[in-house]
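In: what follows is a protein structure lacking sequence information:
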């Protein structure tokens, strides 16, 4: 049995919607992140824990507005960055 990590499936859906706006596939996003494509796919599908640093980079690369970043950090199961808590 593959473990499921503590983030909402909504995280993946929301990230995919931002990727569609940019016209990016998971492959393109992985290349821009310098991150293994297979690991990114597994992470976005909840089969591998997605590192906090990768969540930060994804949100930055996809130009996610700050108010939506708050929700996405929560959906990913991570604490908010200090710039949000300040």
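Out: Received, thanks. Since we're looking at a predicted model, the values are computed, not measured.
In: okay, which residue is most central for this structure?
Out: Closest to where the C-alpha atoms of the chain average out (CA atoms, centre = their mean) is residue 55, at 4.4 Å.
In: wait, that residue sits on residue 79?
Out: No. Look at residue 55 against residue 79 with CB atoms under 8 Å: they stay out of range, at 11.0 Å. Quick note: C-beta positions are derived from backbone N, CA and C, even for glycine.
In: sorry, back to before: how far away is the residue nearest to the centre of the chain from residue 77?
Out: Going from residue 55 to residue 77 by CB to CB, to the nearest Å gives 9 Å.
In: then residue 61?
Out: Taken as CB to CB, the span from residue 61 to residue 77 is 20 Å.
In: which element is residue 75 on?
Out: helix 66-76 (DSSP states H and E).
In: go on, residue 40?
Out: For residue 40, the enclosing helix or strand under DSSP H and E is helix 37-44.
In: could you do residue 64 as well?
Out: Counting by DSSP H and E, residue 64 is found in no helix or strand.
In: ok, now which ones touch it?
Out: Contact analysis of residue 64 by CB atoms under 8 Å, 6 or more residues apart in numbering lists 18, 72.
In: about what we covered before: which neighbours do residue 55 and residue 79 share?
Out: Shared contacts of residue 55 and residue 79, counting by CB under 8 Å, 6+ apart, come down to residue 73.
In: if anything else comes up later, I'll come back, but that's it for now.
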